[in-house]
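1. sequence and predicted structure below; questions after.
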Amino acid sequence: MESFQLALRNGVAIAAGSDAGTPLNPHGSLVPELVLMVKCGMTPLQALHSATSVAAEALGLGSEIGRIAPGYTADLIAVAGNPAERVEALADVRMVFLRGRALRKEIHS
């Protein structure tokens, strides 16, 4: 936590990643990491950026994904609540949009 806080204070770009798909790291495990990042000093909005635009830049895909903008590939979720105020809201997914199209399958978290 100390090194995370030191990096945050010094403006280091911090990308969120869950290691999903590796042993002991199931898909859907990013929200607890974002919650921990907020507990360690990030604002909820900074944590959201770390999981989107900062992560895209870290992967060398910043010109294709990670932002909601014309020309970007956008997979979006609609959640209950405002994750910019409380990242835990990301755990309550209400709808998924894949490449700009709403998935018809109902989603429960």
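-> Perfect, I can see it now.

2. was I right to think residue 29 contacts residue 18?
-> Yes - contact criterion CB atoms under 8 Å: residue 29 and residue 18 qualify, at 4.7 Å. Where C-beta positions appear, they are placed from N, C-alpha and C, glycine not excepted.

3. break down this structure into its helices, ranges please.
-> 2-9, 30-39, 44-51, 53-58 (DSSP state H).

4. contact partners of the helix-or-strand element of the chain with minimal mean pLDDT?
-> Counting by mean pLDDT, DSSP states H and E, the chain has its least confident helix or strand at strand 101-102, which shows a mean of 86. By CB atoms under 8 Å, 6 or more residues apart in numbering, the residues outside strand 101-102 that reach it are 95-96.

5. pull the distance from it to the chain's centre.
-> Taking the mean of its C-alpha atoms, strand 101-102 sits 19 Å from the chain's own mean (CA atoms, centre = their mean, to the nearest Å).

6. and it, which strands flank it?
-> Each strand paired with strand 101-102, and its direction, by DSSP bridges: strand 93-98 (antiparallel).

7. just to revisit the earlier point, residue 29 and residue 18: which is more packed in?
-> For residue 29 versus residue 18, neighbours defined as other CB atoms under 10 Å are more numerous around residue 18 (17 against 13).

8. contact partners for that one?
-> Counting by CB under 8 Å, 6+ apart, residue 18 touches 25, 27, 29-30, 33.

9. now render the helices of the chain as CSV, adding mean pLDDT, distance to residue 98 and mean neighbour count.
-> Formatted as CSV, the helices of the chain follow (pLDDT from 0 to 100; distance: least, CB to CB, whole Å; neighbours: other CB atoms under 10 Å):
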stretch, mean pLDDT, distance to residue 98, mean neighbour count
helix 2-9, 96, 32, 11
helix 30-39, 94, 17, 18
helix 44-51, 97, 18, 20
helix 53-58, 96, 17, 18
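
10. could you dump those helices to CSV with distance to residue 95?
-> Output for the helices of the chain, formatted as CSV (distance: least, CB to CB, whole Å):
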stretch, distance to residue 95
helix 2-9, 32
helix 30-39, 17
helix 44-51, 18
helix 53-58, 22
